[in-house]
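Enquirer: Structure of the sequence below:
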Amino acid sequence: MSGLKKYSFTGEAYQPQEELYFNDGREIELLHFIYDHASLEEMRGKPQRVLDAIDEFGKTRKYLMNIGEYKAKAITKLIKDENPRVIVELGGYVGYSAIAFGAALKGVGGQRYYSLEMNPEFAAVMSVLVDLAGLSNVVKVIVGPSSNSLERLVKEDTLKHIDLLFLDHYKPAYTTDLKLCEELGLVSVGSIYAADNVVKPGNPLYLEYVRSTVHEKRRKASDYDQTGPKGNPNLIYDSHFIEGWEPSGVPDAIEITRCVGVQT
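Expert: All right, here's what the predicted structure looks like:
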């Protein structure tokens, strides 16, 4: 993880985050904004130009709950340093991260980027923008609840291993979905997880889990009496966060976790 750092927030921020800031029609409005854009033809097949247009909408029209260019730099660098073959994203929204990280994955010769998005309308917007960016041969958009999609991809023998897992969906699902990936055997030594929004709005349960020792996880697993995945407490993690910024300029961080071993 050497070389990752805090990126200073510079330039123009997104519009302020309102009380209702998604699923109010702005996602379709974004699509019209881009396809009515004077520079549309220059965007075709050029991921960065599409990202610039998404950022332009967020800065001049309405807030979008994207990872934004500042935190995205850290994960893009991670992809370039680690050369993953398969990346799975939980929570794709309108495709900002899928385009940014899918382009980085393509650049290092990676195989497939799976973006799991529960909202079919968001997934449709994402698919259109991914295609505009020329990344349809790399990025596969999967519609449905993340846990169901993970189980289905494994059952179909489509997904066998995750090199890099990006978590950016419903915050209480971070821990349960990671445990599910552990149980399904999708993560192992060498797998890396990047969890967004661990400061804003925060995710203390996830941080506690990935920072716990095997002994602590085993003890909690033995007391587990609820439904849902128990995970694999024997996986050894090295975890820390990288400071960054929301596109609105609010401080945030990404938790970077590496699976470094298995304790017997």
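Enquirer: ok, and for stretch 116-131, which residues are buried?
Expert: 116-119, 122-131 (16 or more other C-beta atoms under 10 Å). Where C-beta positions appear, they are placed from N, C-alpha and C, glycine not excepted.
Enquirer: mind listing which of the residues you listed are in helices?
Expert: 122-131 (DSSP state H).
Enquirer: Output the helix-or-strand element of the chain with minimal mean pLDDT as CSV, nothing but the C-alphas.
Expert: Here the helix or strand of the chain ranked lowest by mean pLDDT, DSSP states H and E is helix 214-222, holding a mean of 90. Output of helix 214-222 as CSV, limited to C-alpha atoms (Å, rounded to 0.1, in the frame of the first residue of the first chain):
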residue,chain,number,x,y,z
VAL,A,214,-8.5,-13.7,14.1
HIS,A,215,-8.9,-14.4,17.9
GLU,A,216,-11.4,-11.6,18.2
LYS,A,217,-13.4,-12.7,15.1
ARG,A,218,-13.4,-16.3,16.3
ARG,A,219,-14.8,-15.3,19.7
LYS,A,220,-17.5,-13.2,18.1
ALA,A,221,-18.4,-15.9,15.6
SER,A,222,-18.8,-18.4,18.4
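Enquirer: Name all residues that make contact with Val233.
Expert: For residue 233 the amino acid is Pro, not Val. Contacts for Pro233 (C-beta atoms under 8 Å, 6 or more residues apart in numbering) come out as 214, 217-218, 220-221.
Enquirer: If we use 10 Å, what do you get?
Expert: 179, 182, 209, 212-222, 224, 263 (C-beta atoms under 10 Å, 6 or more residues apart in numbering).
Enquirer: Pull out the buried members of the residues you listed.
Expert: 179, 182, 209, 212, 214, 217.
Enquirer: So which residues of the stretch 1-150 of the chain form helices?
Expert: 26-35, 40-43, 47-60, 68-82, 96-107, 120-132, 146-155 (DSSP state H, counting those that start in this stretch).
Enquirer: most packed of these?
Expert: The highest mean neighbour count among the helices of the stretch 1-150 of the chain, using mean count of other C-beta atoms under 10 Å, belongs to helix 96-107: a mean of 25.
Enquirer: right, so of the helices of the stretch 1-150 of the chain, which gets closest to Glu18?
Expert: helix 26-35 (9.7 Å; C-beta to C-beta).
Enquirer: from the contacts of Pro233, which two are the most distant?
Expert: Across the contacts of Pro233 (C-beta to C-beta), the longest gap, 18.2 Å, separates Tyr224 and Gln263.
Enquirer: What is the end-to-end distance of stretch 194-208?
Expert: 15 Å (C-alpha to C-alpha, to the nearest Å).
Enquirer: do stretch 107-116 as well
Expert: By C-alpha to C-alpha, one end of stretch 107-116 lies 21 Å from the other end.
Enquirer: model confidence over that stretch, on average?
Expert: Across stretch 107-116, pLDDT averages out at 98.
Enquirer: What of stretch 174-183?
Expert: So the average pLDDT for stretch 174-183 ends up being 98.
Enquirer: ok, back up a step: any chance of TSV for the helices of the stretch 1-150 of the chain, columns distance to Thr175?
Expert: Below are these laid out as TSV (distance: least, C-beta to C-beta, whole Å):
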stretch	distance to Thr175
helix 26-35	27
helix 40-43	37
helix 47-60	29
helix 68-82	20
helix 96-107	20
helix 120-132	23
helix 146-155	12
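Enquirer: Identify whichever of these lies nearest to Asn234.
Expert: When those are compared (using C-beta to C-beta), the closest one is helix 146-155, at 19.7 Å.
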